[in-house]
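Peer 1: How does the following fold in three dimensions:
(chains A and B)
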Amino acid sequence: MEPNIVFHIGTFPVYEPVFWTWIIMAILAIGSFLLTRNLRKVPQGAQHFLEVGIEWVESLISVDVGPARKIFVPLILMTALYVGTSNLIGVVPGAYSPTADLSTTLTLSLIIYILGHAASIAKQGFRSWLKGFVDPFPLLLPLNIAGEISEFVSHSFRLYGNIFGGGILLGIIYMMAPYIVPVPLLAWFGIFMGIIQTAVFTLLASVYIQTKLI
Amino acid sequence: MLEIAIIVAAIALGSGIALVAGGLVGIGEGYAAGKAVEAMARQPEMEGQIRTTMLVGQAVSESGAIYALAVVLLLIFTVMQPLVNRLLELL
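Peer 2: Predicted coordinates:
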């Protein structure tokens, strides 16, 4: 299951997920720069779509995270953009979705998990945060710890399993029928499932941050 | 030789049985989707919130199937593949 090495920088190997993550970073950076180059007070052209999209994500997240927690909007918006782009880039022949690698998804879910706990400590104080682990009574400490671990593990495994499983199924179909037949399956697993899993990952990220702030 | 063949057969059988989890999760998620349609038909103005809640619930209950998939992938790609290679060498 180890991804291929694309090239070496000195003796340091660059694996496929890292390489395609760089390409996605370039796409997102150049796209953001071109789209926000000359913003106007009165929107014009592509700015209409940008404002509608950002307001939609803001309303989605402020319902979940609460209006006073707008600080999380850029993080969650960027997570959505990165996960969405890397899911959809798998449709391009020869490209490799970075989200089909467990390291990428585990990194993303750990960022959100640690940030949620940091926000929880900042909100209620360290002592009260520690008390949350022995919540109803101290006997439940192992269960609480298992629940905390399974949270980010399931969050990362969900995205990885869906994208990687879809990729394997498509590979088998390519071996059996390389022309025309894979097109509807590519649309289903590549585009539809990619968008649904992006929405699910983003929604769960905002829900996980929200539950730690209650 | 025979021992390796038995292990490979057991892994293949176990991977197949593990995917029963997918069917069970399918029942649960279909039930959730049906209930969401009922709720939307009763209160069409709540459609957006119902769809969000349905998707989050389905995603959480899907973890069972995803764990089964991860176990099957690990079994096939990290345990079974080297055994099959050794079996082919012995043949």
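Peer 1: Tell me where the model's unsure across chain B.
Peer 2: Along chain B, the model assigns pLDDT under 70 to no residue.
Peer 1: Spell out, range by range, the helices that occur in it.
Peer 2: B:2-18, B:20-42, B:47-61, B:63-74, B:81-90 (DSSP state H).
Peer 1: Next, the angle helix B:63-74 makes with the longest one.
Peer 2: Okay, so that is helix B:20-42. With axes from the mean of the first three to the mean of the last three CA atoms, to 10 degrees defining the directions, helix B:20-42 sits at 150 degrees from helix B:63-74.
Peer 1: Just send the helices of chain B back as CSV, with mean neighbour count and distance to A:Gly132 too.
Peer 2: From N, CA and C alone the C-beta is placed, and that goes for glycine too. Shown next, in CSV, are the helices of chain B (neighbours: other CB atoms under 10 Å in any protein chain shown; distance: least, CB to CB, whole Å):
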stretch, mean neighbour count, distance to A:Gly132
helix B:2-18, 13, 35
helix B:20-42, 13, 29
helix B:47-61, 16, 21
helix B:63-74, 19, 23
helix B:81-90, 11, 43
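Peer 1: okay, these in a markdown table with distance to A:Ile168 next?
Peer 2: Putting the helices of chain B into a markdown table (distance: least, CB to CB, whole Å) gives the following:
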| stretch | distance to A:Ile168 |
| --- | --- |
| helix B:2-18 | 13 |
| helix B:20-42 | 14 |
| helix B:47-61 | 20 |
| helix B:63-74 | 8 |
| helix B:81-90 | 13 |
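Peer 1: pLDDT of stretch A:15-32, averaged?
Peer 2: Taken as a whole, stretch A:15-32 has a mean pLDDT of 90.
Peer 1: buried residues in it?
Peer 2: With burial defined by 16 or more other CB atoms under 10 Å in any protein chain shown, the residues of stretch A:15-32 counted as buried are A:Tyr15, A:Glu16, A:Pro17, A:Val18, A:Phe19, A:Trp20, A:Thr21, A:Ile24.
Peer 1: Can you tell me which of those end up in helices?
Peer 2: Counting by DSSP H, the part of the buried residues of stretch A:15-32 found in helices is A:Glu16, A:Pro17, A:Val18, A:Phe19, A:Trp20, A:Thr21, A:Ile24.
Peer 1: From B:Gln81, how far off is the fourth one?
Peer 2: Same thing as A:Phe19. 25 Å (CB to CB, to the nearest Å).
Peer 1: before we move on, back to that, which single one of the ones in helices among the buried residues of stretch A:15-32 is nearest to A:Phe164?
Peer 2: Using CB to CB, A:Pro17 is the member of these that lies nearest A:Phe164, at 11.3 Å.
Peer 1: Would you reformat the helices of chain B as TSV and include distance to chain A?
Peer 2: Supplementary listing: the helices of chain B in TSV, determined by distance: least, CB to the nearest CB, whole Å:
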stretch	distance to chain A
helix B:2-18	13
helix B:20-42	10
helix B:47-61	4
helix B:63-74	4
helix B:81-90	9
